[in-house]
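Undergrad: Requesting a structural model of the entry that follows:
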Amino acid sequence: MTSASVAGPATVLVFLDPDFEDGRVADAAKPQLMATDQGATRGDGVFESLLAVGGRPRKLQAHLDRLAGSARVLELDIPAEDRWRRAIETAIREFRGQHGHDVSESPAASPATGPATGQGDELVVKLLVTRGVEGGGSPTCWVQASAPGAAGRRQRETGIDVLLLDRGYDSEVGERAPWLLLGAKTLSYAVNMAALRYAHHQGADDVIFTSADDRVLEGPTSTVLLAHLETSDDGRGGVRTIRRLITPQLDSGILPGTSQGALFTAAKAAGWELGYGPLEPKDLFDADAVWLISSIRLLAPVNHIDGKEIGTPELRKQLTAELNALYATIE
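TA: Below you'll find the model as predicted:
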């Protein structure tokens with residue numbers, strides 16, 4: 001393995017070593033992980049991915065809370081929250097220093113695409129924990145900072161085509177078999193990546209998983225949202241539009257979405273009605289709009305599911321702009 005194949009030049013690594021209060025900056029061009037680390041040999045670990053805009057991490061507390069929750073499920077003893085915060089600050093500062101970032105050159109936000117999303121302004125920050133070297137007894141923890149890929153921005157602007165794929169479990173398996181870790185964000189993403197490759201081979205961009213008992217679950221790296229618009233009498237001889245935002249219920253064995261939760265809070269304050277499944281595939285086809293939302297790609301409108309158009313281009317664009325405007329208010 002060459003050093004170039006280990007990490008690209010735009011990656012910053014900061015390890016949470018006990019002897020370094022603000023984290024230890026490591027050379028991303030050189031191997032850093034032991035070959036016997038159980039994260040590499042067994043996928044035994046947890047992670048979080050978040051977006052930093054203008055040097056500020058978004059929804060940081062929600063991601064730290066979910067990382068701690070995932071670690072508890074896997075019985076991993078991870079560093080305290082303040083150490084993660086300092087390591088994240090170090091990674092962001094190091095990356096921006098290396099790339100001479102100038103915030104004044106960052107693009108402005110727009111309702112159609114959401115918050116400012118130029119590569120120079122955005123930064124992908126990952127928090128990673130493995131069980132460590134086998135027999136070593138101590139987790140390996142680090143923060144990784146890198147530039148975002150172009151695909152995410154393109155998909156949030158132009159929309160995506162998705163396939164419905166059977167995940168192979170019924171919607172109650174999460175409660176019945178907690179050892180499957182369905183509610184934790186683990187490093188074991190091989191199945192998720194295989195689903196995405198399958199979708200790409202079929203000419204689609206992404207996937208929405210369904211359960212064996214025909215419930216809508218989640219995407220491989222995202223949460224599902226759908227919207228319904230209803231009109232009713234406003235009591236004064238006019239008509240009012242009710243906007244309802246719905247996501248699958250969490251007890252079906254899906255990962256709680258930090259972006260979905262933050263957007264729901266903003267949408268509720270703006271007068272949207274909120275709902276939580278259970279959802280079936282027909283609910284997606286009947287929706288006025290469907291999105292896959294995640295912390296890095298943000299809000300990606302779904303153009304087609306299994307080849308069938310969802311809503312209309314005009315309505316998708318309108319509702320996406322409304323939700324992006326709300327998402328831009330989220331810290």
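
Undergrad: For the helix or strand hosting L50, output the C-alpha coordinates as PDB.
TA: Per DSSP states H and E: L50 is located in strand 45-53. Extracted as PDB, the C-alpha positions of strand 45-53 are listed here (Å, rounded to 0.1, in the frame of the first residue of the first chain):
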ATOM      1  CA  GLY A  45     -16.700   0.700  15.800                       C
ATOM      2  CA  VAL A  46     -18.900   3.800  15.400                       C
ATOM      3  CA  PHE A  47     -18.700   7.100  13.600                       C
ATOM      4  CA  GLU A  48     -20.400  10.400  12.800                       C
ATOM      5  CA  SER A  49     -20.200  12.700   9.800                       C
ATOM      6  CA  LEU A  50     -21.000  16.400  10.000                       C
ATOM      7  CA  LEU A  51     -20.700  19.500   7.900                       C
ATOM      8  CA  ALA A  52     -18.700  22.600   8.900                       C
ATOM      9  CA  VAL A  53     -19.600  25.800   7.100                       C
END
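
Undergrad: Show me how far it is from its chain's centre.
TA: 8 Å (Cα atoms, centre = their mean, to the nearest Å).

Undergrad: what's that strand packed up against?
TA: Secondary-structure packing of strand 45-53 (3 or more Cβ pairs under 8 Å, 6 or more residues apart in numbering; DSSP states H and E): helix 60-73, strand 122-130. Yep, even glycine has a C-beta here, placed from its N, CA and C like the rest.

Undergrad: Pick the most buried one from these.
TA: strand 122-130 (a mean of 23; mean count of other Cβ atoms under 10 Å).

Undergrad: Tell me the strands beside it, with direction?
TA: Neighbouring strands of strand 122-130 in its sheet, by DSSP bridges, are strand 45-53 (antiparallel), strand 140-146 (antiparallel).

Undergrad: What residues of the strand holding L50 count as buried?
TA: Using 16 or more other Cβ atoms under 10 Å as the test for burial, strand 45-53 gives G45, V46, F47, E48, S49, L50, L51, A52, V53.

Undergrad: quick one: low-confidence parts of the stretch 51-200 of the chain?
TA: Where the stretch 51-200 of the chain drops to pLDDT under 70, the residues are 101-120.

Undergrad: can we see that at 80?
TA: For the stretch 51-200 of the chain, applying pLDDT under 80 flags the ranges 99-120, 137.

Undergrad: which residues of it fall in helices?
TA: Remark: helices assigned in the stretch 51-200 of the chain by DSSP state H, counting those that start in this stretch are 60-73, 81-98, 150-158, 173-176, 190-201.

Undergrad: and these as a markdown table, adding distance to P31?
TA: Compiled in a markdown table, the helices of the stretch 51-200 of the chain are given as follows (distance: least, Cβ to Cβ, whole Å):
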| stretch | distance to P31 |
| --- | --- |
| helix 60-73 | 25 |
| helix 81-98 | 19 |
| helix 150-158 | 27 |
| helix 173-176 | 36 |
| helix 190-201 | 21 |
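
Undergrad: Any idea which of these gets closest to I296?
TA: helix 150-158 (5.8 Å; Cβ to Cβ).

Undergrad: domain parsing for this structure?
TA: Split into domains by automatic domain parsing, the chain comes to 3-148, 155-327.

Undergrad: which of the residues in the longest strand along the chain are buried?
TA: If you go by DSSP state E, the chain has its longest strand at strand 223-233. Residues T223, V224, L225, L226, A227, H228 are the ones in strand 223-233 that count as buried (16+ other Cβ under 10 Å).
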